[in-house]
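Chemist: Make a model of this:
(one chain, ligands or ions: 1)
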Amino acid sequence: MSKTYKIAVLKGDGIGPEITEATIKVLEAVQEKADFKLDLIYGEAGAHCIPTFGTNLPKETLEMIKQTDACLKGPMTTPEEAGAPPSVAVTLRSIFKLYANVRPCKTFPNVESLKPNLDFVVVRENTEGLYSGAEFQLAPGVAIALRIITKEACLNVVEYAFKLAEKRKKHLTYIHKGNILRITDGIFKEAVQELAPKHPTVTVDDLHIDAATMQLIKKPEIYDVLVTTNLFGDIISDEAAQVVGGLGMAGGANVGDNYGMFEPIHGSAPKYTGMNRANPISNIMAASMMLDYLGETDAATKIEKAVTEILGEGKVRTLDIGGTATTSEFTDALAAKVRTL
Ligand code: NAD
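Modeler: Next up is the predicted model:
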């Protein structure tokens, strides 16, 4: 009997609705020959909700998400004024304890990358660090932000990274700034050292964050799984995405023990809103990661294969990666490719 998964779909702001629509078309194509169904439940979230709901994550949406198996989240605009609601992504990561943010970086054919055949993954701690949102003004012109690091969260994300490395090239690089942040990054380092003996097949090394940003440009081919704390991971994963072709190619997963949320690693790219020119691959690859998380690995692989083949043919590519196709032209071609596999 075919299985049905309930999926919360949040279209987001800016280019979010366009790339979500594109992703749904590809998901429809992959379901045609599959023995599972996705029951898509749409929810309102994002900056566009604030005037109506007074928040970017209405209570009804949150309750709806709790009833689903996974969430496909479009990028959202986060207001930057003091007192504005926090980022929806950060809120959901914290509520659902999605401690690992997984960002694969892989070269695709005919997409310019710094070096050929790159394949590594950035795993970022997703629930604490400088994303605690705890900032205080001590006096006019003087403020502090709390970088909260707990052993529990470090152990969770590092264990995830070790297990991932075991399934891949068995090399884990942990990234920190332990020479300056001796206590907080000391805890992170301790977590790695404590878990390493449980994973004897994995080679472990480390980099300071500043050196890591340089090494990712100089020798990205030597890495397999990189694990780090929240803000460092946010920064190096955008850098890593550019190393393999840009933000339009980069999907990501936010996973915990009981739930998964899948989104492109980029933001809402407001300057491209409604222009039918955004690259939907990032969101489509996030959807592929969602299928993999749900256990539908054949469908997940089929999407990745279709993306690889269509880029390999070199005829239909969006503007950000040197082509001329619109979002909808690329999507139609990709959905047609999925149907042939
Ligand atoms: P951004 O990632 O939205 O865009 C930066 C640039 O990358 C864009 O201007 C565009 O040139 C390019 N780009 C990104 N995605 C693309 C795509 N799919 N196709 C083609 N080009 C693409 O970063 P930003 O401008 O710093 O942020 C815009 C908003 O998004 C902000 O409000 C920010 O807070 C928010 N944001 C949200 C998330 C999230 O929802 N998880 C993540 C990051 C940023």
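Chemist: Quickly find the element holding the residue of the stretch 201-341 of the chain found nearest the ligand.
Modeler: Per Cβ to the nearest ligand atom, Gly267 is where the stretch 201-341 of the chain lies closest to the ligand, at 2.2 Å. In this view, the C-beta of every residue, glycine as well, is placed from N, C-alpha and C. Using DSSP states H and E, Gly267 sits in no helix or strand.
Chemist: Skipping adjacent residues, who's closest to it in space?
Modeler: Take Gly267 and drop its neighbours on the chain: the residue closest to it by Cβ to Cβ, 6 or more residues apart in numbering is Pro75, 5.0 Å away.
Chemist: So what does the one you found look like in phi/psi?
Modeler: Main-chain dihedrals, Pro75, degrees, to the nearest 10: phi -70, psi 150.
Chemist: Could you shift the numbering so residue one becomes 527, and keep it that way?
Modeler: Sure, I'll start counting at 527 from here, so that last one is Pro601.
Chemist: so how many other residues sit close to it?
Modeler: By the criterion of other Cβ atoms under 10 Å, Pro601 has 29 neighbours.
Chemist: how close does it sit to Lys703?
Modeler: Counting by Cβ to Cβ, to the nearest Å, the separation of Pro601 from Lys703 is 28 Å.
Chemist: Repeat that for Val684.
Modeler: In this view, Val684 and Lys703 are 16 Å apart by Cβ to Cβ.
Chemist: The two: which has the busier surroundings?
Modeler: Val684 (27 against 18).
Chemist: what's near enough to touch Thr853?
Modeler: Counting by Cβ atoms under 8 Å, 6 or more residues apart in numbering, Thr853 makes contact with 544-545, 548, 802-806, 844.
Chemist: Tell me the pLDDT of it.
Modeler: Thr853 is assigned 98 on the pLDDT scale.
Chemist: Could you export the contacts of Thr853 to a markdown table, including columns for neighbour count and pLDDT?
Modeler: Below are these laid out as a markdown table (neighbours: other Cβ atoms under 10 Å; pLDDT from 0 to 100):
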| residue | neighbour count | pLDDT |
| --- | --- | --- |
| Glu544 | 25 | 98 |
| Ile545 | 30 | 98 |
| Ala548 | 26 | 98 |
| Asn802 | 16 | 97 |
| Arg803 | 18 | 97 |
| Ala804 | 30 | 97 |
| Asn805 | 30 | 97 |
| Pro806 | 25 | 98 |
| Thr844 | 22 | 97 |
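Chemist: Would you map the strands across the stretch 577-726 of the chain?
Modeler: Per DSSP state E, counting those that start in this stretch, the stretch 577-726 of the chain carries strands over the ranges 596-599, 626-632, 645-651, 661-665, 668-671, 697-702.
Chemist: So which residues on the stretch 627-776 of the chain come close to the ligand?
Modeler: Within the stretch 627-776 of the chain, the positions adjacent to the ligand are 773-774 by Cβ under 6 Å from any ligand atom.
Chemist: pLDDT below threshold where in the stretch 627-776 of the chain?
Modeler: Residues of the stretch 627-776 of the chain that meet the criterion pLDDT under 70 are absent altogether.
Chemist: all helices of it, in order?
Modeler: Counting by DSSP state H, counting those that start in this stretch, the stretch 627-776 of the chain has helices at residues 677-693, 710-721, 735-744, 756-769.
Chemist: okay but Asp539 is in contact with Ser794, surely?
Modeler: Yes - between Asp539 and Ser794 a contact is recorded at 4.4 Å, counting by Cβ atoms under 8 Å.
Chemist: what sits in contact with each of those two?
Modeler: Shared contacts of Asp539 and Ser794 (Cβ under 8 Å, 6+ apart): 572-573, 600-603.
Chemist: what separates the closest residue to Lys677 other than its chain neighbours from the ligand, distance-wise?
Modeler: In this structure, Lys677 finds its nearest non-sequential neighbour in Ile713, 5.4 Å apart by Cβ to Cβ, 6+ apart. To the ligand, Ile713 is 26 Å away according to Cβ to the nearest ligand atom, to the nearest Å.
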